[in-house]
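A.B. asks: here are the coordinates; sequence isn't available:
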């Protein structure tokens, strides 16, 4: 930050000196390191196109250097933030309790009664005395005089905390020396405190808490997955929860598990379609009943978004005096509510100088209102002219336009001033409110900008608070000195996550099979100019996968197969290593590149590199993924798909009556068993030996028998599978199929035999889905299945 | 007047439904004009869970859960209700100007406070053209009695709009009904509420029943064969809330039995809910409201 006379302020000097003490080449290299980290960690954000139909994900825009805030200034700001949080907590308690502010005439009744964020079914939820808000954010701007101003409060479901962590890690990669030298305050203790608070709320059973997300289509879903992993919370969507009686439970692969605490990242109106917005498809019917019964704590409480009401700022002074007995130290943007005659007159008279904004938070599940994208609450000039304040004043405020001071940001190798706003985070535990030493800073991409929004091209920077005290010790959430080490078996797997893992296994395998078939086909077409009968069969098989073997455009079908896999993976990013996720994404990239080039695509080359990446993915999953319930479902998916496809391909390539030239070789190639064949059989290819290897051989990891054996073994480890008990339908079906394969010899493996295996496998998939993935409600038992 | 009320609602689903949850607001509530002598609900198939609660606005809500697969759902509600609506002089209500001021300055936050009924609600957004239409009926004078003005609005809506079952559905917006000047009781009520609020008069949505057969010599009311809806308007601190029926163009009387009161249909929907199903569903719905005259009717119900 540049002080009077263009002098760099002392606390900034250090970072600027060090940054420019580096050679240009090294500086570039270090920035690249940060970028590479973000891209490898899969940090991105979604950008909504104006049509709302398309959305894309963009690279995370991190700029440098960090915003540096002088420790003295920070400590004063922190005190103001804590005071503000205490005020907001008391305000929430009054609105959902006595409503004394309204009764005493301090707050106009319209601002509560007409507020779309007032949740009637929880009108008295503050009466038991527990705080309604425990994790909030405050957006701040700094005026030209260097004072911090409150621009707005974020109490609904403040986003950004996860991005703060990722920005910090990226900065650590790029500037570890500078961060150490400046003694920058660490973030982990803040999150540790927050996590401890959640655990305390959950009571003795620490598995009973989760993060409630709107799901993968939300623009901050990445953050939800990241924070859930970082804090050790179950990542849940509304559909994962079922309220039985007045208790909220999670639908898992082993039945319904009670849950006591939810960190809510879903807007209030969407949480319960039975009592709030009926059109919500991402909520949980009955959730409000569980809250009323006191069996579920939601952080922040459902309905706490009312604290974001812009018109409240107009009554802040008398409200603070009534609630705290004093004025608030942090100034807010001067605001006039147009529901009162004299204030409306003032706004009318100064319309050119003031900004017109909605008085209430945007409500989504209502008629006649369109959700506004982040940062656009402010009306453009021509829109504001259309507002009739006389008849509609209740719904509008006028407010002063905050002038934002700037922070220096590297633009093309030199520092340029950019307007900056800071989102500070606070959490409340039993001791009171605590401020995160850092924050989420957004910078505009232009010198002069009133609206700073990443949707519109701005960027973010890290926030550094140099510590005055002694050297800061590393604290990370991964090691906790105060609690004894204990190895915990993870909580039960939500049925939705299991479903996604199962399908990820299937899709990845499907993609591999299609690529393999295409390679077999491609190799044959390259060798001979005339297409024989076997090429036709291969082509028909490839088309079964929706893949077109047209050399000009082979990617189309493959691309959608690869996307299916990577999209499924993106829904369960909290259970996944970033490396495995990246391997899948690279395949999508690979196919898109091949498509982009002109002329014919070399099929064998493309499919070979896809297969290499897929085996990388499989390896990462096998080597790195914790081999518990989730891994088992993925394994089941993979084996089922492989068995099913191998049976289909075998029965088509080697029909009973007609053995075409090259069919046996093609099957060996498809099952990747050529080398094995040579080692096992000294004879020439024959129908029996090839079928033996591809179908019956229990030691060949590509044979159908191998898949069935793996499925049987994995099944035994799934929840509620007790070998001593009578076998359920699913296990019986798998066991019978296993015996059939074990006892058959190659002569019996005719087309009918193999076709029946495929049919069995698809029944097994349905049984598995019914048993675990669409977890049946309590009390309903599976009846005897007709066989 | 004492009535025996019977309501049946049936759903038939094209495919099996499981994990269904519904909120039912079908039982009459007590009000200053109405006393509930008895009431009960029968549901088939029998739900695994029933939660009986009273919502913020004082309406009885039965939330039911049917976890098991089912192909139909039937709800039967029977109640015995005593209704008295003492006659009053509508001109005694406060002036239009006074009501608009009082509504905004209201500091009570009790469920019956007019403050809740002034602004937009889930199904009712402000509509300048509609407000202008109502304003034109009311006239410019702020000194006029609000009761008379609202009654005039009630009569005009009956005249200007065509009552046509099937022309709209429960999802029809206020704007569409207003533009087409056609609809059923729900549309009439929404149009009137939106317009009254636009003119500063607190207004709410009432769902309920009508007496099936009129007393001798009186016309049969529209909307008696199904659940009905009308409007309640706040006419100042002395008179309080008064019910108007725009579908029939009258003040509500002893033929009107109140089930639930809210800001609009979304607050009082008789059956709302969540279920997992594919395909269409068929709905049957019938209402029978009979004045209690002889002892044997009582015996039959009991």
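C.D. replies: Everything's here; your move. Please read these numbers as outputs of a predicted model, since none were measured by experiment.

A.B. asks: and the residue nearest in space to the middle of chain B, backbone torsions?
C.D. replies: Against the mean C-alpha coordinate of chain B, by C-alpha atoms, centre = their mean, the closest residue is residue B:207 at 1.9 Å. Main-chain torsions, residue B:207, degrees, to the nearest 10: phi -110, psi 150.

A.B. asks: excluding chain neighbours, what is closest to it?
C.D. replies: In this structure, residue B:207 finds its nearest non-sequential neighbour in residue B:268, 4.6 Å apart by C-beta to C-beta, 6 or more residues apart in numbering or on different chains. All C-beta atoms are positioned from the backbone trio N, CA, C, and that covers glycine.

A.B. asks: for chain A, see how far away that neighbour is.
C.D. replies: Look at residue B:268 and chain A: by C-beta to the nearest C-beta, to the nearest Å, they are 12 Å apart.

A.B. asks: does that residue touch residue B:204 like I think?
C.D. replies: No: between residue B:268 and residue B:204 there is no contact under C-beta atoms under 8 Å: 9.2 Å.

A.B. asks: and for those two, which residues touch both?
C.D. replies: Contact criterion C-beta atoms under 8 Å, 6 or more residues apart in numbering or on different chains; residues shared by residue B:268 and residue B:204: B:261, B:262.

A.B. asks: pick out whichever of the two has more residues nearby.
C.D. replies: Higher neighbour count among residue B:268 and residue B:204: residue B:204, with 27 against 24, using other C-beta atoms under 10 Å in any protein chain shown.

A.B. asks: helix or strand right after the helix or strand containing the more buried one?
C.D. replies: Secondary structure from DSSP states H and E places residue B:204 in strand B:203-210. Next in sequence after strand B:203-210, counting helices and strands by DSSP H and E, comes strand B:228-234.

A.B. asks: now do the same contact list for the residue nearest to residue B:262 when sequence neighbours are not counted.
C.D. replies: In this structure, residue B:262 finds its nearest non-sequential neighbour in residue B:268, 4.2 Å apart by C-beta to C-beta, 6+ apart. Applying C-beta under 8 Å, 6+ apart, we find residue B:268 in contact with B:25, B:59, B:205, B:206, B:207, B:259, B:260, B:261, B:262.

A.B. asks: 10 Å instead?
C.D. replies: Residue B:268 makes contacts with B:25, B:55, B:57, B:59, B:61, B:204-208, B:227, B:229, B:259-262, as judged by C-beta atoms under 10 Å, 6 or more residues apart in numbering or on different chains.

A.B. asks: quick check, residue A:239 in contact with residue A:500.
C.D. replies: No: here residue A:239 does not reach residue A:500: they are 11.9 Å apart, not a contact under C-beta atoms under 10 Å.

A.B. asks: who has more neighbours, these two?
C.D. replies: The neighbour comparison of residue A:239 against residue A:500 (other C-beta under 10 Å) goes to residue A:500, with 25 against 15.

A.B. asks: pLDDT wise, what is that one at?
C.D. replies: pLDDT for residue A:500: 90.

A.B. asks: quick check: it is in a helix.
C.D. replies: Yes: using DSSP: H, G, I helix; E, B strand; the rest coil, the assignment for residue A:500 is a helix.

A.B. asks: mind listing what it touches?
C.D. replies: Counting by C-beta under 10 Å, 6+ apart, residue A:500 touches A:216, A:494, A:567-572, A:575-576, A:630, A:633-634, A:637, A:773.

A.B. asks: got it, and residue A:138?
C.D. replies: Going by C-beta under 10 Å, 6+ apart, residue A:138 touches A:77, A:80-81, A:84-85, A:88, A:148, A:150-155, A:158, A:330, A:422-426, A:435, A:439.

A.B. asks: roughly how far does residue A:741 sit from residue A:630?
C.D. replies: Distance of residue A:741 to residue A:630, given as C-beta to C-beta, to the nearest Å: 27 Å.

A.B. asks: hang on, residue A:510 packs against residue A:563?
C.D. replies: No: applying C-beta under 10 Å as the test, residue A:510 and residue A:563 come out as separate, 11.9 Å apart.

A.B. asks: of those two, who's got more company?
C.D. replies: Between residue A:510 and residue A:563, counted using other C-beta under 10 Å, residue A:510 has the larger neighbour count: 23 against 18.

A.B. asks: list the buried residues in the host helix or strand of the more buried one.
C.D. replies: Per DSSP H and E: residue A:510 is located in helix A:495-527. For helix A:495-527, a neighbour-count test (16 or more other C-beta atoms under 10 Å in any protein chain shown) marks A:495-525 as buried.

A.B. asks: and for stretch A:75-90?
C.D. replies: A:77-78, A:80-90.

A.B. asks: equivalent analysis for stretch B:70-79, please.
C.D. replies: By neighbour count on 16+ other C-beta under 10 Å, the buried set for stretch B:70-79 is B:70, B:73, B:75, B:76, B:77, B:78, B:79.

A.B. asks: quick one, what contacts the first one?
C.D. replies: By C-beta under 10 Å, 6+ apart, the residues touching residue B:70 are B:11, B:13, B:16, B:17, B:18, B:20, B:44, B:45, B:47, B:275.
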